[in-house]
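Q: missing the sequence, but the structure's below:
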């Protein structure tokens with residue numbers, strides 16, 4: 001599976017990135033919010049169907065199973081999303 005950066009105003013990865021905000025033009029370290037995706041839910045469903053009840057919450061706790069949305073900490077402008 002390839003890692004793809006989508007809907008980015010600036011290039012971003014899975015971790016906070018040093019970038020210049022296109023909105024406020026400040027040199028910042030991006031703030032990352034991880035969001036569950038359809039992939040996250042499908043992994044949890046697969047674990048449930050395999051009777052791994054104790055592991056169902058694991059995809060929701062792992063950043064690698066979620067998208068990383070990047071924001072400017074100064075002006076809260078959206079910078080981009082890194083999709084795992």
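A: In hand now; what should we look at? Quantities reported herein were computed from a predicted structural model and do not represent experimental measurements.
Q: going forward, measure contacts and count neighbours with C-alpha atoms only.
A: OK.
Q: Give the residue farthest from the middle of the chain.
A: Going by CA atoms, centre = their mean, the residue of the chain most distant from its centre is residue 51, 27.5 Å out.
Q: Tally up the residues packed near residue 77, please.
A: 15 (other CA atoms under 10 Å).
Q: next one: residue 13
A: By other CA under 10 Å, 19 other residues sit near residue 13.
Q: Help me confirm that it comes into contact with residue 84.
A: No - when contacts are counted by CA atoms under 8 Å, residue 13 is not listed as touching residue 84 (9.2 Å).
Q: For the chain, give me the ranges with low pLDDT.
A: 1-9 (pLDDT under 70).
Q: Helices of that one, start to end?
A: Here the chain has its helices, by DSSP state H, at 38-49, 58-61.
Q: contacting residues around residue 40?
A: The contact partners of residue 40, by CA atoms under 8 Å, 6 or more residues apart in numbering, come to 59, 60, 65, 66.
Q: which of the residues you listed has the most neighbours?
A: Neighbour counts for those peak at residue 66, which has 23 neighbours (criterion: other CA under 10 Å).
Q: Can you give me every residue that contacts that residue?
A: If you count contacts by CA under 8 Å, 6+ apart, residue 66 has them with 34, 35, 36, 37, 39, 40, 59, 60, 83, 84.
Q: picking up where we left off before, between the helices of the chain, which one is nearest to residue 20?
A: Nearest to residue 20, of all the helices of the chain, is helix 58-61, at 29.6 Å by CA to CA.
Q: Residues in contact with that closest one: which ones?
A: By CA under 8 Å, 6+ apart, helix 58-61 touches 36, 40, 41, 43, 44, 65, 66.
Q: Using CSV, please lay out the helices of the chain together with distance to residue 20.
A: Converted to CSV, the helices of the chain look like this (distance: least, CA to CA, whole Å):
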stretch, distance to residue 20
helix 38-49, 30
helix 58-61, 30
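Q: which residues touch the most centrally placed residue in the chain?
A: Central residue of the chain (CA atoms, centre = their mean): residue 68, 1.4 Å from the mean position. For residue 68, the contacting residues are 13, 14, 15, 32, 33, 34, 35, 81, 82, 83, by CA under 8 Å, 6+ apart.
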